[in-house]
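> Turn this into a structure:
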Amino acid sequence: MAEGEELRTDVLIVGAGPSGLMLAVCLAKLGVDAVIVDGKDGPTRESRALAVQARSMELYDQLGLVDRVLAERSPATMLVPGTREHTFGRLELRGLAEGTTPYREVTVFEQSRNERLLVDALGELGREVLWRHRLERLEIVRRSPAGAADAAASVIATLAGPDGEVTVRARYCVGADGAHSPVREALGIPFEGVTNEHTFYVADASGVEGLVDGAVNVRITEEHFLLAFPMGPGRMRLLGVVRDRDRDEHGELPESIVRALVRREFGVEYRDSAWFTTYRLHHRLAARFREGPCFLVGDAAHIHSPVGAQGMNTGLQEAHNLACALADVLVGGMPDARLDRYEAERRPVGKILVATTDRAFAAVTSDSRAARFIRGRVVPRLGPLAFRLLPRLVGGRRVFGYLSQTRIRYRVQDVTGTPRDVVVGVRLPWTGGNYDVLRSMQWQVHGYGVPERAVRRIGAELGVEAHVFPRDPHRRLRVDRVYLVRRDGFVVAEVVSPGTGALLDAARRRLAGE
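Got it, this is the predicted structure:
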């Protein structure tokens, strides 16, 4: 772009990682004008993030991209925990997810592939990333005195491009620009948390021996743990932690030390690696996800350990949630207050994620005498029994729901005083054939075993799509209710069939952005 050029758009997205690209693709499909910029030359080539959980696969399905992911992925169908070179058994993930989702395993699809997929999808929608355009300055333009409800009206961003400065005027700005987010820093939003004292390593290894192929392997010893994801026959992503005492005499951590460590501690060997790196882990959460016309998604909003393979997925879902909210305002005509739901819904998810991954990471890395005793003595003896009993005691489907992010619940305010169905505030339960209609990314009503005439009348009353399905085989969706489903697939209201009274009025208020 020529120096001094000015762009005008509804949404400026800063950062073209997975979160920013997901936001750009969703906005393009929803008909929202947006510009996405990034200071890099192109998509990432090396990937810390690796796994795509079931809920993110459902989003790819909604965007019509899931078949491309399935064609290139490496599925992890089992969880295999153990200690040292011994395993406790094998847990089939598909059995835990029966009736929950069409995607009943962990999909290994690296961050770089996610980015390339989304860049291609964006191009097919007639849009592209402005690469080599770095954010230099961000200014919020207020049309009312600070503190007024509509005070923050728009933004002006100055970009440093290959041909000089470019100015972008946008109604909204989204920082999808990573842990060191210039957008977050420009807004002065605190990013509080801690840095772990240990060093994390990642190795994309080939010719791996000593692990179960096609499974997520978890191994633990008194001092170390190993997490391994399948990346194809004989290939594994190895992740673990080293102590400062494991480093060489110069304080460095060459790959040779890690090779020796995984051989000694876990009986794992590999021929070579395509990528090896080390880094410090941080657990941090932004104090706010919204500041006037600006929003944060992905690593700009939260960072944490890769335990559970949740980070990239959380960012993808934040982007999807925000895109749908922006479309409600910019296309659907809802008030700006509709966008407050983004922080209200997604920051609690991020807060829980940071806290739980922090606790999990502390449990496997703590140097306390008690923690070392548990890892070194208790786990080897009781681990096999606990592994067999845990799915029964806790509920295997519940565990899968947390890991797959299909159990996320948003707090939906009750405006009627009437007891609500348990599905209000959660993603629409999958019944086997009801997700295809979500690809329209429009508000809609669903009836399950409800007379078609009643469903279509309620849809007409609300001015949304109406869809009729057979009874829910798992009885989560009631035959005397019609459910209002948002663009993002979450149920936000219910109407008792045949559809009159306070519940119908409440559904109307949801559609008005309340």
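> contacts and neighbour counts: CA atoms only from here.
Will do.
> pLDDT weak spots in the stretch 101-250 of the chain?
Screening the stretch 101-250 of the chain residue by residue with the criterion pLDDT under 70, one finds the ranges 144-152.
> Give me the mean pLDDT for stretch 27-47.
If you average the pLDDT over stretch 27-47, you get 93.
> Repeat that for stretch 51-68.
Averaging the model's pLDDT scores along stretch 51-68 yields 95.
> so how far is the first residue of it from its last?
15 Å (Cα to Cα, to the nearest Å).
> now that stretch, how far from the chain's geometric center?
A distance of 11 Å separates the C-alpha centroid of stretch 51-68 from that of its chain, computed with Cα atoms, centre = their mean, to the nearest Å.
> Contacts for it next, please.
26, 101-110, 117, 121, 309-310, 312-313, 316-317, 320, 403-406, 435-436, 438-441 (Cα atoms under 8 Å, 6 or more residues apart in numbering).
> buried stuff in it?
Applying a neighbour-count criterion of 16 or more other Cα atoms under 10 Å, the buried positions in stretch 51-68 are 51-63, 65.
> Please apply the same query to stretch 127-137.
Buried positions in stretch 127-137, judged by neighbour count with 16+ other Cα under 10 Å: 127-135.
> just the helices in this structure please.
According to DSSP state H, the chain carries its helices in the segments 18-30, 54-62, 66-72, 93-96, 111-124, 182-187, 255-266, 311-330, 340-365, 369-373, 379-390, 396-404, 452-462, 502-511.
> May I see the buried residues of the last one?
Of the residues in helix 502-511, those with enough neighbours to count as buried (16+ other Cα under 10 Å) are 503-508, 510-511.
> circling back to that earlier point, which one, of the helices of the chain, ends up nearest to residue 171?
Among the helices of the chain, helix 311-330 comes nearest to residue 171, with 9.7 Å by Cα to Cα.
> what's the model's confidence in that closest one, averaged?
In this model, helix 311-330 carries a mean pLDDT of 96.
> now it, how far from the chain's geometric center?
Distance of helix 311-330 from the chain centroid (Cα atoms, centre = their mean) equals 10 Å.
> tell me which residues of that helix are tucked away?
In helix 311-330, residues buried by neighbour count (16+ other Cα under 10 Å) are 311-330.
> what is the orientation angle of that helix with helix 111-124?
Relative orientation of helix 311-330 versus helix 111-124 (axes from the mean of the first three to the mean of the last three Cα atoms, to 10 degrees): 20 degrees.
> For residue 488, list the residues it contacts.
Neighbours of residue 488 in contact, by Cα under 8 Å, 6+ apart: 320-321, 324, 441.
> rerun that using 10 Å as the cut-off
Taking Cα atoms under 10 Å, 6 or more residues apart in numbering, we find residue 488 in contact with 59, 62, 317, 320-325, 427-428, 438-439, 441-443.
> Just name the closest of these to residue 364, please.
Using Cα to Cα, residue 317 is the member of those that lies nearest residue 364, at 27.7 Å.
> how much space between the closest one and residue 397?
Residue 317 sits 21 Å away from residue 397, taking Cα to Cα as the criterion.
> how long is stretch 439-450 from one end to the other?
22 Å.
> how far out from the middle of the chain is it?
Counting by Cα atoms, centre = their mean, stretch 439-450 is centred 24 Å from the centre of its parent chain.
> In that stretch, which residues are buried?
For stretch 439-450, the neighbour count (16+ other Cα under 10 Å) marks 439, 441-450 as buried.
> TSV for those, including pLDDT and distance to residue 299?
What follows is the buried residues of stretch 439-450, written out as TSV (pLDDT from 0 to 100; distance: Cα to Cα, whole Å):
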residue	pLDDT	distance to residue 299
439	97	27
441	97	25
442	97	28
443	97	29
444	97	32
445	96	34
446	97	35
447	96	38
448	96	38
449	95	42
450	94	43
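> what about the stretch 301-450 of the chain, any weak spots by pLDDT?
With pLDDT under 70 as the threshold, the stretch 301-450 of the chain has low-confidence stretches at 307-308, 390-396, 414-421.
> nearest to residue 34, of the buried residues of helix 502-511?
residue 511 (23.6 Å).
> how far away is residue 403 from residue 213?
Per Cα to Cα, residue 403 is found 20 Å from residue 213.
> ok, these two, which is more surrounded?
Set side by side, residue 403 and residue 213 give different neighbour counts by other Cα atoms under 10 Å, the larger being at residue 213 (22 against 17).
> Can you name the residues that contact the closest residue to the more buried one other than its chain neighbours?
With Cα to Cα, 6 or more residues apart in numbering as the measure, residue 230 is the residue that lies nearest to residue 213, at 6.3 Å, once sequence neighbours are left out. If a contact means Cα under 10 Å, 6+ apart, then residue 230 has 50-51, 73-77, 106-109, 204-205, 211-217, 236-238 as its contacts.
> Can you spell out which residues form a bridge with residue 230?
The residues listed as beta-bridge partners of residue 230 by DSSP bridges are residue 236.
> Was I right to think residue 113 contacts residue 72?
Yes. Here residue 113 reaches residue 72: they are 8.8 Å apart, a contact under Cα atoms under 10 Å.
> more neighbours, those two?
Applying other Cα under 10 Å to residue 113 and residue 72 shows that residue 113 carries more neighbours, namely 20 against 12.
> where's that one relative to residue 470, distance?
Look at residue 113 and residue 470: by Cα to Cα, they are 37 Å apart.
> Give me the neighbour count for the nearest residue to residue 350 once chain neighbours are set aside.
Counting by Cα to Cα, 6+ apart, residue 302 is the residue found nearest to residue 350 once chain neighbours are left out, at 6.6 Å. The local packing count at residue 302 equals 28, with neighbours defined by other Cα under 10 Å.
> Also residue 385?
One way to gauge burial is a neighbour count; for residue 385, by other Cα under 10 Å, it gives 13.
> From residue 379, how far out is it?
Distance from residue 385 to residue 379, by Cα to Cα: 10 Å.
> for residue 478, same thing?
With the distance defined as Cα to Cα, residue 478 ends up 44 Å from residue 379.
> Torsion angles phi and psi at the closest residue to residue 270 other than its chain neighbours?
The spatial neighbour of residue 270 that comes closest, neighbours along the chain excluded (Cα to Cα, 6+ apart), is residue 208 at 4.2 Å. Reported as degrees, to the nearest 10, the phi and psi values for residue 208 are phi -80, psi 130.
> check contacts around residue 208.
Each residue near residue 208 by Cα under 10 Å, 6+ apart is listed here: 233-238, 268-273.
> go with 8 Å
Counting by Cα under 8 Å, 6+ apart, residue 208 makes contact with 234-236, 268-271.
> Now a PyMOL select for only the buried ones of those.
Applying 16+ other Cα under 10 Å to the contacts of residue 208, the buried members can be selected in PyMOL as follows:
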select buried, resi 234+235+236+268+269+270
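> Return the closest of the contacts of residue 208 with respect to residue 156.
Closest to residue 156, out of all of those and judged by Cα to Cα, is residue 236, at 44.9 Å.
> How about the contacts made by that closest one?
Residue 236 sits in contact with 204-206, 208, 228-230, where contact means Cα under 8 Å, 6+ apart.
> want to try CSV for the residues you listed, with distance to residue 9 as columns?
CSV is the format used below for the contacts of residue 236 (distance: Cα to Cα, whole Å):
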residue, distance to residue 9
204, 40
205, 44
206, 46
208, 49
228, 43
229, 41
230, 42
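> ok, those vs residue 257, which is closest?
For the contacts of residue 236, with residue 257 as the reference and Cα to Cα as the criterion, the closest is residue 205, at 14.5 Å.
> can you tell me which residues contact the closest one?
So, once contact is read as Cα under 8 Å, 6+ apart, residue 205 ends up touching 235-238, 270-275.
> These in strands, which ones?
235-238, 272-275 (DSSP state E).
> got a winner among the residues you listed for most neighbours?
Counting neighbours by other Cα under 10 Å, the top entry in the ones in strands among the contacts of residue 205 is residue 236, with 28 neighbours.
> Quick check: it vs residue 140, distance?
For residue 236, the distance to residue 140 (Cα to Cα) stands at 46 Å.
> What of residue 15?
Counting by Cα to Cα, the gap from residue 15 to residue 140 is 18 Å.
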